[in-house]
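Participant: missing the sequence, but the structure's below:
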């Protein structure tokens, strides 16, 4: 069976920074740092990645931090602004793999509602056979179940899946299932890993 390549999205295909949005709304650097550490945090955001609805999360957070109501609503309404652009070189690698006929998949920790708004803005996703989104599946990396879902949907297991992700825990979980998994640091190192695997 032809080996498939599975891409993470955040910080592999696209930069992701909550501060990219909130630096537009909070001018003071100390206040911004405090806000990102206590109000709209990556840990809180991860609840949406795991499948929790914004309709539950947002009112609850506003009740905790009423002085930041407009900012918390901006998180829900302007999430695409936390994604400032593509990771340099990654989309070119996707294009080359697609041109070579390599089967492509995404496995991403991404909120269902946020991905529904982001996906149509990015034609690079047209190259992927399937995109497994944690918020849709209501299970997130590094839970073994989401890797099992990729195996089921792709019809591949273990060494038939080349995986790139920026999070060491997610790579370790993939390796535990026998995947050919590689930590993403930049496009140049990914290119070298793909060449070593005979995929580029």
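Facilitator: Alright, I've got the coordinates. What you see is a predicted model; the values in this text were computed from it and never measured.

Participant: who's sitting farthest from the centroid in this structure?
Facilitator: Of all residues in the chain, the one whose C-alpha sits farthest from the chain's mean C-alpha position, using CA atoms, centre = their mean, is residue 67 at 29.7 Å.

Participant: how far away is that one from residue 35?
Facilitator: 10 Å (CB to CB, to the nearest Å). Backbone N, C-alpha and C define where each C-beta goes, glycine included.

Participant: same question, residue 163
Facilitator: For residue 163, the distance to residue 35 equals 34 Å [CB to CB].

Participant: what does residue 95 give?
Facilitator: 37 Å.

Participant: between the two, which is the more surrounded one?
Facilitator: Set side by side, residue 95 and residue 35 show unequal neighbour counts under other CB atoms under 10 Å, the larger going to residue 35 at 21 against 12.

Participant: which residues touch the helix or strand where the more buried one lies?
Facilitator: Residue 35 belongs to helix 29-38 when elements are defined using DSSP states H and E. Identification of contacts with helix 29-38 by CB atoms under 8 Å, 6 or more residues apart in numbering yields 18-19, 22-23, 26, 65, 68, 71.

Participant: which members of those residues are the farthest-apart pair?
Facilitator: For these, the farthest-apart pair by CB to CB is 23 and 65; their separation is 18.0 Å.

Participant: in this structure, where is pLDDT below threshold?
Facilitator: Under the criterion pLDDT under 70, no range of the chain is flagged.

Participant: helices of that one, start to end?
Facilitator: Assigned by DSSP state H, the chain shows helices spanning 18-22, 29-38, 42-49, 54-64, 69-77, 90-99, 112-118, 134-137, 144-154, 168-176, 187-196.

Participant: what distance separates the helix holding residue 35 from the centre of its chain?
Facilitator: Averaged C-alpha coordinates place helix 29-38 at 23 Å from its chain's average position (CA atoms, centre = their mean, to the nearest Å).

Participant: got the contact list for residue 61?
Facilitator: 39-40, 44, 72.

Participant: hmm, 6 Å instead?
Facilitator: When contacts are counted by CB atoms under 6 Å, 6 or more residues apart in numbering, residue 61 is found next to residue 72.
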